[in-house]
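Student: quick one: sequence plus predicted model below, questions after.
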Amino acid sequence: MIFSYSLPKQIWFPIVAMQFLIIHSVLSLNITNEYLTHKCFLNQGKYNSGSGYEDILNILFGRVRTDDYDITGFRYTSKETSPLDSASVMLQCRGDSYGSKCNTCADIAVTGFLKRCPKNKGGIIWYDQCFLYVTAFDDSLRLKTNYKNIFSMYNPKNVRGDGKLFAKKTMDFFSELTLKVKKSAKYNPVILYAAGEKKIGKNTLYAMVQCVELTLDCKTCLAWSITKIFMNSDIKQGGRVFGMNCEIRYELYPFLRS
């Protein structure tokens with residue numbers, strides 16, 4: 001038996017209008033999960049199809065894909081079957097991408113890594129909302145900042161008006177967010193993330209800072225990244241510095257979930 005039901009027009013229009021507003025508000029955040037970059041660790045070599053190393057990776061990738069990223073958005077897992085067959089995999093999602101959103105990014109990252117670093121034993125791949133780190137070594141100890149694997153990207157548009165003043169105020173805001181990360185780490189050493197917004201003249205600045213859970217020197221990594229983001233003479237309307245240990249980003253539009 002099939003039932004048919006129609007809403008009165010005076011009810012239907014507000015619902016459609018509400019749905020439009022919800023869709024528009026999500027789109028206006030410009031939330032994406034675009035591929036950013038990757039690096040295959042050529043010095044760690046390659047594995048053969050059907051090898052013990054491939055079996056280990058499949059197990060670890062399965063764990064990463066199916067984990068429960070309820071709050072932290074982080075997973076580190078390793079496995080060893082022999083001295084020659086051991087691997088570690090680490091996934092870190094952006095602070096606003098937890099739960100099912102982190103699972104989605106984890107699945108995309110694993111697929112992307114297998115495509116861009118085929119048969120490589122180690123490497124890293126970054127997306128807008130997460131990054132995946134794979135290595136043939138056991139990195140269960142806390143990670144020192146790896147300055148060789150840090151990248152930067154910028155908005156193509158320059159800031160209008162006094163660029164130096166904008167850069168100074170943005171750096172000051174990054175420092176405020178870094179203090180929030182340090183403060184929250186005393187109570188919860190897992191979530192090393194802070195974000196916010198601030199008025200700078202006629203513009204609203206949106207920014208975030210985040211460290212990976214295993215990072216030993218979060219404050220140092222963030223301070224280095226904050227300095228690096230404004231090393232160019234042209235001050236851009238947005239930019240980010242990201243790597244294995246920490247990430248910072250700023251824009252003149254909202255790009256994070258509340």
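Tutor: Nice, thanks for sending it over.

Student: drop to CA atoms for contacts and neighbour counts, all remaining ones
Tutor: Noted.

Student: measure G163 to P156 for me?
Tutor: G163 sits 14 Å away from P156 when distances are taken as Cα to Cα, to the nearest Å.

Student: which one of those two has more residues nearby?
Tutor: Applying other Cα atoms under 10 Å to G163 and P156 shows that G163 carries more neighbours, namely 16 against 11.

Student: so who does the residue nearest to that one when sequence neighbours are not counted touch?
Tutor: Nearest non-adjacent residue to G163, counting by Cα to Cα, 6 or more residues apart in numbering: I235, 5.6 Å away. Contact analysis of I235 by Cα atoms under 8 Å, 6 or more residues apart in numbering lists N158, V159, G163, K164, A167.

Student: so what does the helix or strand containing L60 touch, helix or strand wise?
Tutor: In this assignment (DSSP states H and E), L60 forms part of helix 52-66. Under the contact criterion of 3 or more Cα pairs under 8 Å, 6 or more residues apart in numbering; DSSP states H and E, helix 52-66 touches strand 74-82, strand 85-93, helix 100-116.

Student: tell me the angle it makes with strand 85-93.
Tutor: Angle of helix 52-66 versus strand 85-93, following axes from the mean of the first three to the mean of the last three Cα atoms, to 10 degrees, is 20 degrees.

Student: can you list contacts of helix 52-66?
Tutor: Against helix 52-66 from outside (Cα under 8 Å, 6+ apart): 47-48, 75, 77-80, 85-89, 91, 103-104, 106-107, 110, 121.

Student: same question, stretch 115-132
Tutor: 32-42, 44-49, 53, 89-94, 97, 102, 105-106, 109-110, 112-113, 133-136.

Student: just the buried members of those residues?
Tutor: Among the contacts of stretch 115-132, those buried by neighbour count (16 or more other Cα atoms under 10 Å) are 35, 38, 40-41, 46, 53, 89-94, 97, 102, 105-106, 109-110, 112-113, 133-136.

Student: and the closest residue to T145 other than its chain neighbours, how many neighbours?
Tutor: Computed as Cα to Cα, 6+ apart, the closest residue to T145 that is not its neighbour in sequence is N245, at 5.8 Å. Residues contacting N245 under the criterion other Cα under 10 Å number 24.
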